[in-house]
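Engineer: here is my input, please return the structure:
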Amino acid sequence: MLGVDHVGLTVLDLEASRAFFVDGLGFRVKNHDPDYPAYFLTNGHTTITLWRAENPDSATRFDRRANVGLHHLAIRVSSFEALDTLYERLRAYPGVTIEFAPELAYGGPAKHMMLYEPSGNRVELVHRPPTP
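Structural biologist: Numbers count the residues shown, from 1 in each chain. Below is the predicted model of the structure:
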(Lines give C-alpha, C1' and ligand atoms only; values in the text may rest on other atoms or scores of the structure.)
Protein backbone atom coordinates (compact mmCIF):
# COMPACT_ATOMS: atom_id res chain seq x y z
CA MET A 1 0.00 0.00 0.00
CA LEU A 2 1.25 3.48 -0.89
CA GLY A 3 -1.55 5.63 0.50
CA VAL A 4 -4.96 6.95 -0.48
CA ASP A 5 -5.19 7.76 -4.20
CA HIS A 6 -8.32 9.91 -3.97
CA VAL A 7 -11.59 10.36 -2.10
CA GLY A 8 -14.90 10.48 -3.97
CA LEU A 9 -17.85 12.37 -2.54
CA THR A 10 -21.43 12.37 -3.78
CA VAL A 11 -22.84 15.89 -3.66
CA LEU A 12 -26.26 17.47 -4.06
CA ASP A 13 -25.06 20.70 -5.68
CA LEU A 14 -22.02 20.03 -7.84
CA GLU A 15 -21.23 23.68 -8.56
CA ALA A 16 -21.62 24.84 -4.95
CA SER A 17 -19.42 22.01 -3.68
CA ARG A 18 -16.82 22.66 -6.40
CA ALA A 19 -16.76 26.35 -5.48
CA PHE A 20 -16.31 25.49 -1.79
CA PHE A 21 -13.29 23.27 -2.41
CA VAL A 22 -11.76 25.60 -5.03
CA ASP A 23 -12.56 29.08 -3.68
CA GLY A 24 -12.87 28.19 -0.01
CA LEU A 25 -10.05 25.66 0.43
CA GLY A 26 -7.72 26.40 -2.49
CA PHE A 27 -8.10 23.21 -4.53
CA ARG A 28 -7.95 23.47 -8.32
CA VAL A 29 -9.97 21.70 -10.99
CA LYS A 30 -7.90 18.89 -12.48
CA ASN A 31 -10.65 17.60 -14.77
CA HIS A 32 -14.39 17.92 -15.35
CA ASP A 33 -16.80 15.39 -16.83
CA PRO A 34 -20.09 17.14 -17.59
CA ASP A 35 -21.70 13.86 -18.73
CA TYR A 36 -21.16 12.03 -15.44
CA PRO A 37 -21.35 14.85 -14.00
CA ALA A 38 -18.20 15.14 -11.89
CA TYR A 39 -15.27 17.37 -10.95
CA PHE A 40 -11.80 16.07 -10.13
CA LEU A 41 -9.99 18.43 -7.77
CA THR A 42 -6.47 18.56 -6.34
CA ASN A 43 -4.38 20.71 -4.05
CA GLY A 44 -1.16 18.97 -5.09
CA HIS A 45 -1.32 16.55 -2.14
CA THR A 46 -4.89 15.25 -2.16
CA THR A 47 -7.34 14.46 -4.96
CA ILE A 48 -11.07 14.74 -4.33
CA THR A 49 -13.69 13.67 -6.82
CA LEU A 50 -17.14 15.25 -6.60
CA TRP A 51 -20.03 13.42 -8.23
CA ARG A 52 -23.52 14.88 -8.40
CA ALA A 53 -26.21 12.61 -7.01
CA GLU A 54 -28.35 11.27 -9.83
CA ASN A 55 -31.46 12.94 -8.44
CA PRO A 56 -30.44 15.58 -5.86
CA ASP A 57 -34.06 16.33 -4.91
CA SER A 58 -34.67 12.78 -3.68
CA ALA A 59 -31.13 11.90 -2.55
CA THR A 60 -30.86 10.49 0.97
CA ARG A 61 -28.58 12.54 3.20
CA PHE A 62 -25.93 10.61 5.09
CA ASP A 63 -26.34 10.26 8.85
CA ARG A 64 -22.88 9.60 10.32
CA ARG A 65 -24.39 8.05 13.45
CA ALA A 66 -26.75 5.66 11.64
CA ASN A 67 -25.14 4.78 8.29
CA VAL A 68 -22.01 2.92 7.32
CA GLY A 69 -19.80 5.12 5.15
CA LEU A 70 -17.58 8.15 5.26
CA HIS A 71 -17.87 9.76 8.72
CA HIS A 72 -15.90 12.82 7.62
CA LEU A 73 -13.08 13.93 5.35
CA ALA A 74 -10.06 15.29 7.29
CA ILE A 75 -7.76 17.72 5.48
CA ARG A 76 -4.42 18.82 6.96
CA VAL A 77 -3.56 22.51 6.99
CA SER A 78 -0.07 23.98 7.29
CA SER A 79 -0.32 25.90 10.58
CA PHE A 80 -2.54 27.06 13.42
CA GLU A 81 -2.68 30.47 11.72
CA ALA A 82 -3.87 28.88 8.46
CA LEU A 83 -6.59 27.03 10.38
CA ASP A 84 -7.77 30.26 12.03
CA THR A 85 -7.73 32.07 8.66
CA LEU A 86 -9.80 29.31 7.07
CA TYR A 87 -12.28 29.47 9.93
CA GLU A 88 -12.74 33.22 9.44
CA ARG A 89 -13.23 32.76 5.68
CA LEU A 90 -15.51 29.74 5.87
CA ARG A 91 -17.83 30.82 8.67
CA ALA A 92 -19.33 33.35 6.25
CA TYR A 93 -19.06 31.12 3.15
CA PRO A 94 -22.42 30.48 1.43
CA GLY A 95 -23.88 27.07 2.24
CA VAL A 96 -21.23 26.16 4.83
CA THR A 97 -22.31 25.19 8.34
CA ILE A 98 -19.64 25.30 11.02
CA GLU A 99 -20.03 22.45 13.53
CA PHE A 100 -17.33 23.88 15.80
CA ALA A 101 -14.61 26.53 15.60
CA PRO A 102 -10.89 25.68 15.90
CA GLU A 103 -10.13 23.96 19.20
CA LEU A 104 -7.59 21.56 20.62
CA ALA A 105 -8.17 18.01 19.44
CA TYR A 106 -8.35 15.61 22.38
CA GLY A 107 -6.33 17.95 24.58
CA GLY A 108 -3.76 18.85 21.91
CA PRO A 109 -1.27 19.52 20.60
CA ALA A 110 -3.32 19.23 17.37
CA LYS A 111 -6.03 21.79 16.70
CA HIS A 112 -9.04 21.18 14.45
CA MET A 113 -12.44 22.41 13.34
CA MET A 114 -15.42 20.68 11.78
CA LEU A 115 -17.86 21.93 9.15
CA TYR A 116 -20.39 20.81 6.57
CA GLU A 117 -19.71 21.82 2.97
CA PRO A 118 -22.64 23.09 0.83
CA SER A 119 -23.84 19.57 -0.09
CA GLY A 120 -23.74 18.40 3.53
CA ASN A 121 -20.51 16.37 3.58
CA ARG A 122 -18.71 16.67 6.92
CA VAL A 123 -15.17 18.06 6.62
CA GLU A 124 -12.52 18.38 9.32
CA LEU A 125 -9.64 20.83 8.95
CA VAL A 126 -6.70 19.96 11.20
CA HIS A 127 -3.16 21.07 11.99
CA ARG A 128 -0.83 18.69 13.79
CA PRO A 129 2.44 20.35 14.76
CA PRO A 130 5.58 18.26 14.29
CA THR A 131 6.49 16.15 17.28
CA PRO A 132 9.97 16.74 18.74
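Engineer: contacts only, for the closest residue to residue 75 other than its chain neighbours.
Structural biologist: Distances taken as CB to CB, 6 or more residues apart in numbering place residue 125 nearest to residue 75, at 5.6 Å, with adjacent residues excluded. Where you see a C-beta, it was placed from the backbone N, CA and C, and this is true even at glycine. Applying CB atoms under 8 Å, 6 or more residues apart in numbering, we find residue 125 in contact with 74, 75, 77, 83, 86, 87, 112, 113, 114, 115.
Engineer: could you tell me which residues within the helix or strand hosting the last one count as buried?
Structural biologist: Under the criterion of DSSP states H and E, residue 115 resides in strand 111-116. Of all the residues in strand 111-116, those buried under the rule 16 or more other CB atoms under 10 Å are 111, 112, 113, 114, 115.
Engineer: please apply the same query to stretch 95-107.
Structural biologist: Neighbour-count burial for stretch 95-107 flags 95, 96, 102 (criterion: 16+ other CB under 10 Å).
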